[in-house]
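Colleague: quick one, structure for this:
(2 chains, ligands or ions: 5)
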Amino acid sequence: MTFSPELEARFAKMLQSYPPGRTRSAVVPMLLYGQDEVGYVSQELVEEVARRCGVTPLQVDEVIGYYSMLHRARLGKYHVQVCTNIACQALGGEQLYEHASRTLGLGNKDVSPDGLISLEEVECMGACSWAPAIQINYDFHHLVTPERFDRLMESLRDGSYGRKAS
Amino acid sequence: MADPVKFTIDGRPMQAAPGTLLINAAKEAGIAIPSFCYYDGLALQAACRMCLVEVEKTPKLQVACTTPVAEGMVVQTDSPQVRQARKGMLEFLLTNHPLDCPVCDKGGECELQDMVFRYGAGESRYVESKLHVDEKQWSPIVFYDAPRCILCYRCVRICGEGLGVGALGIGNRGAAAEIVPNRGDHLECDECGACIDICPVGALTSGTYRYKTRPWEMEHIGTICTHCSNGCKTTLGVRNGNIIRANNRDRSGVNGEFLCVKGRYAFDFNENPERLTAPLLRAGGEFKPVSWAIALATVAKKLSELKARHGKFGVIGSNRTTNEENYQLQKFARLVMGTSNIDHHRTGDFATLLDTLSGRANALATTADVYTTKAALVIHSDLAQEHPLLAFQLRANSRHHKAHVYAVTPGPVREDNYGTGVRADPGREFEVLATLREKLAAETELIFLFGAAIKGAAIRQLVEFGDSLGIPVKYICLLDYSNSRGASDMGLLPDLLPGYRHVSEIGLDPGMDCDQMLSDPNLEALWVVGSNPLARQSLGATNAFLVVSDLFLTETARRADVVFPAMSAYEKNGTVTNVCGDVQKLSRGPKTMGTKSDLDIVALLAREMRADLGPTKVDDVFQEIRRTVRGYENLPFGVIETGGAAATAPVHGPVRFESRPELIRPTANGLFTSGTLGRFSGMLNGLIESPGALYRDPHVRPVIEFGSGQLEMVQDK
Ligand code: SF4
Ligand code: SF4
Ligand code: SF4
Ligand code: FES
Ligand code: FES
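Modeller: Ligands and ions are numbered 1, 2, ... in the order given. Model prediction:
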């Protein structure tokens, strides 16, 4: 399996940046960047990362099972993550998640039929000061009310979403 | 050696070498610190927190399994705080534990049961409902019940580090964490069951044993595995005359707790319904079951007649029968029948090695040496498949002592993953060895383990090469079956008596070898004991009277005139000699009605022929062997009698015999085959990995190894 030239260069550098015999340290970043490019962690990606890092595919799977940000199934183009952990919960995170689930018609980790949006209920993302918080792909959105949530979703659908939101 | 460290445990002043773990230092002094995840010989894990102790001046409790002793350390292992912590850890472990002990296989020998019994937490404050996960079957052998699992990682480590397979891992995390197999929903692995037996609880169970019995209902009989030449000690669990399980949890024997799939599970051949249970006599082209008296009388009459007119008679002995049986069998051929036409299926050229090494002491390696040698070289053998215990020993040696391992083989082998693997086509080994010369000569000592492709002149060449390195080299001639070495040592050879003396010493000429007997059209009678030569070729003497002793109606037995139903190794007493010359004792476990041991068959036949074969009891024959067979003279009887292994002393002096390399035929038995016995093991045949192939190891990939507490990846060094 080969990746884009940029990613190949990145991987090559990564494998150099750990002490000899510690290439398995590269498993997590490789998976993360590989996932961004492939769209999810495919079996092919698992085996490729295992081969390059000198570990077994099972050992790569152990890592994937541990980290919730690594996904074995294809996600939507926009992966919407709603926090329901303690601070967000106290400020309406659970209601926000229920609202999201109802209005999008998606359960936890479901993907919309058009592949545009996927939804996930997540634990604390470290944005507690601005709870309730959500994350769309790598971008945070703070103090999200149901109304703001709807507007965000609308912008995903009409293509106006794209810049880092306020 | 650095100065010992001084410290105090429970008020007792002690000392130990620097780096000693607290848990071991305490154990030395007879203080037990409870533990689940700590396991001798495996990487440190510190996962279970059962071993918490109080160390003065550290604010929190420390895990004794990863904390090394330090100068002036003051440790409490039984303070109220420690007791409370243990109870707390157990309460945690039990929150989701199903507590189905009354039906769990492990009940009665479960470490969790024992701990709760001893350290409390019988009552829980946890009232929420338990998380249920259905039990999973990963192979015909391995079943996993996640709720019972305490996540100690023992199974993961024994599979990765011990076996070098790495088929088990941990999936998910937190409360949802569980053990996962390497192929998603199933396992593709060695199927050795080491993970099952090392599991402290009943989370991993085996297809052969699960829900069949309770541990205390069985009789536990220590004997030797009958499947390969490595001679692992195995403890058979026998109930009502049936073998229910085999393991070696007491770590006795040359193998510690190691067993491969055959030793642990392929005992089912013993109860195969096709086992012969009555002597068979050919009458009008058909077999008819007859009494032992009739069968013995028929054979005795025939052989007496033949003997009287000096007709041609031969014996093909077995690679699986005991030393005592082989010894008496060759006596029968030589003393009763007056012929040296006796041989066995040779799977390696051990006699040539002995001759080449004549006059040297300490040139043959024992099983224990494989674990302690500084370096070893495997030539032309897929060790992990063909010699599972030796491969395990070598891997452990590399992990624990950083031994250097070299493999010169025609295809990929598991040793490549942690040693230096070099490919060499058969016949070109010496070219490759020459390229390794410098590296090998830089070692301080070596063991050469060589397969059957190295025979005859090549053995002499190998020893010359070893000598030229200028360092001490020991040798292991890799033979295939459980007592191949004993067959050779006990004189199942046409020109050699027991102890490698030449037959002329008793006034006989060298007899016919296997091939000659099978092809000679003038052979009048042949007795084949526990061997199946007619699977490969037909009998040249079409009218010869054929007597066969075996467990099953093999191709050879089908052609017989009389078939004696023989006992398996698990059903008799006696000694066997493993590939490294370690002599160990078989102990009788189950019984199959109607069968007799080959020792009894030989004795009864001799008596029927009014001939005197000397002792008839196993122990008496063994004493005679100790008195008369070179290499066996000084075997410590007590060690063997109590279940230990004693190495034979190599024969000093040249061996006079005709080297016949073309008679050496390796069986190429791998992990999942075992000659005739394997064919009758439903368990072996039911595995997806079976029959497997040599020099092709699809499920093995580089594994992360842990050495001396430090994380490091061992690849090609
Ligand atoms: S190789 Fe042995 S220890 Fe590993 S998973 Fe298979 S049966 Fe268990
Ligand atoms: S299955 Fe057994 S050995 Fe493996 S982690 Fe669970 S309790 Fe430990
Ligand atoms: S390694 Fe050989 S002797 Fe040991 S258990 Fe396996 S087959 Fe039996
Ligand atoms: S609890 Fe939601 S971001 Fe921390
Ligand atoms: S034995 Fe020390 S943490 Fe498990």
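Colleague: count the neighbours of the residue of the stretch 601-717 of chain B found nearest ligand 3 for me.
Modeller: Relative to ligand 3, the nearest point of the stretch 601-717 of chain B is residue B:674 (6.8 Å; Cβ to the nearest ligand atom). C-beta: built from backbone N, CA, C; applies to glycine. Counted with other Cβ atoms under 10 Å in any protein chain shown, the neighbours of residue B:674 add up to 26.
Colleague: got the contact list for it?
Modeller: Counting by Cβ atoms under 8 Å, 6 or more residues apart in numbering or on different chains, residue B:674 touches B:227, B:228, B:262, B:266, B:681, B:684.
Colleague: mind checking the SS state of the fourth one?
Modeller: Secondary structure for residue B:266, judged by DSSP: H, G, I helix; E, B strand; the rest coil, is helix.
Colleague: look up phi and psi at the closest residue to it other than its chain neighbours.
Modeller: Leaving aside its chain neighbours, residue B:266 sits nearest to residue B:681 (4.3 Å; criterion: Cβ to Cβ, 6 or more residues apart in numbering or on different chains). In terms of degrees, to the nearest 10, the main-chain angles of residue B:681 are phi -100, psi 110.
Colleague: and if you look at residue A:51?
Modeller: Dihedral angles (degrees, to the nearest 10) for residue A:51: phi -60, psi -50.
Colleague: just the C-alpha atoms of whichever helix or strand residue B:557 is part of, please, in PDB.
Modeller: Using DSSP states H and E, residue B:557 maps to helix B:555-558. Output in PDB follows, covering the C-alpha atoms of helix B:555-558 (Å, rounded to 0.1, in the frame of the first residue of the first chain):
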ATOM      1  CA  GLU B 555      -1.100 -50.400   6.100                       C
ATOM      2  CA  THR B 556       1.600 -52.800   7.400                       C
ATOM      3  CA  ALA B 557      -0.800 -54.500   9.900                       C
ATOM      4  CA  ARG B 558      -3.300 -55.000   7.100                       C
END
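Colleague: so does stretch B:75-90 get close to ligand 2?
Modeller: No: Stretch B:75-90 lies out of reach of ligand 2 by Cβ under 6 Å from any ligand atom, never closer than 14.0 Å.
Colleague: got the buried residues for that stretch?
Modeller: B:75, B:76, B:77, B:82, B:85, B:86, B:87, B:89, B:90 (16 or more other Cβ atoms under 10 Å in any protein chain shown).
Colleague: do the same with stretch B:442-461
Modeller: Neighbour counts over stretch B:442-461 (16+ other Cβ under 10 Å) mark B:443, B:445-455, B:458-459 as buried.
Colleague: out of those, the closest to chain A would be?
Modeller: The closest of these to chain A turns out to be residue B:443 (Cβ to the nearest Cβ; 22.0 Å).
Colleague: quick one: contacts for that closest one?
Modeller: Counted by Cβ under 8 Å, 6+ apart, residue B:443 has contacts B:374, B:375, B:404, B:469, B:471.
Colleague: need the residues you listed in a markdown table with pLDDT, can you?
Modeller: Listed next are those as a markdown table, based on pLDDT from 0 to 100:
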| residue | pLDDT |
| --- | --- |
| B:374 | 98 |
| B:375 | 98 |
| B:404 | 97 |
| B:469 | 97 |
| B:471 | 97 |
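Colleague: ok, which residues in chain A are in contact with chain B?
Modeller: A:21-24, A:50, A:54-59, A:61-62, A:65-66 (Cβ under 8 Å from any Cβ of the partner chain).
Colleague: 6 Å instead?
Modeller: Selection of chain A residues close to chain B by Cβ under 6 Å from any Cβ of the partner chain yields A:21, A:54, A:56, A:58, A:62, A:65, A:66.
Colleague: measure how buried the fourth one is and give me the count.
Modeller: The reference is to residue A:58. 25.
Colleague: is it located within a helix, as I assumed?
Modeller: Yes: using three-state DSSP, the assignment for residue A:58 is a helix.
Colleague: do you know how far the residue in the stretch 301-450 of chain B that ligand 4 sits nearest to is from ligand 1?
Modeller: Per Cβ to the nearest ligand atom, residue B:399 is where the stretch 301-450 of chain B lies closest to ligand 4, at 42.9 Å. In this view, residue B:399 and ligand 1 are 15 Å apart by Cβ to the nearest ligand atom, to the nearest Å.
Colleague: pLDDT weak spots in the stretch 351-500 of chain B?
Modeller: Counting by pLDDT under 70, the stretch 351-500 of chain B contains no low-confidence residues.
Colleague: distance from the helix or strand where residue A:154 lies to the middle of the chain?
Modeller: Per DSSP H and E, residue A:154 falls inside helix A:146-158. In terms of Cα atoms, centre = their mean, to the nearest Å, the centre of helix A:146-158 is found 19 Å from the chain centre.
Colleague: now stretch B:199-218
Modeller: Chain-centre distance of stretch B:199-218: 21 Å, with Cα atoms, centre = their mean.
Colleague: quick one: is it near ligand 2?
Modeller: Yes: judged by Cβ under 6 Å from any ligand atom, stretch B:199-218 comes into contact with ligand 2 at B:199, B:200, B:201, B:203, B:204.
Colleague: sorry, back to before: show the average pLDDT along the helix holding residue B:557.
Modeller: Helix B:555-558 shows a mean pLDDT of 96.
Colleague: give me the three-state assignment for residue B:431.
Modeller: Classified using three-state DSSP, residue B:431 is helix.
Colleague: now it: closest residue in space that isn't a chain neighbour?
Modeller: Once flanking residues are discounted, residue B:431 sits nearest to residue B:424: 7.1 Å by Cβ to Cβ, 6+ apart.
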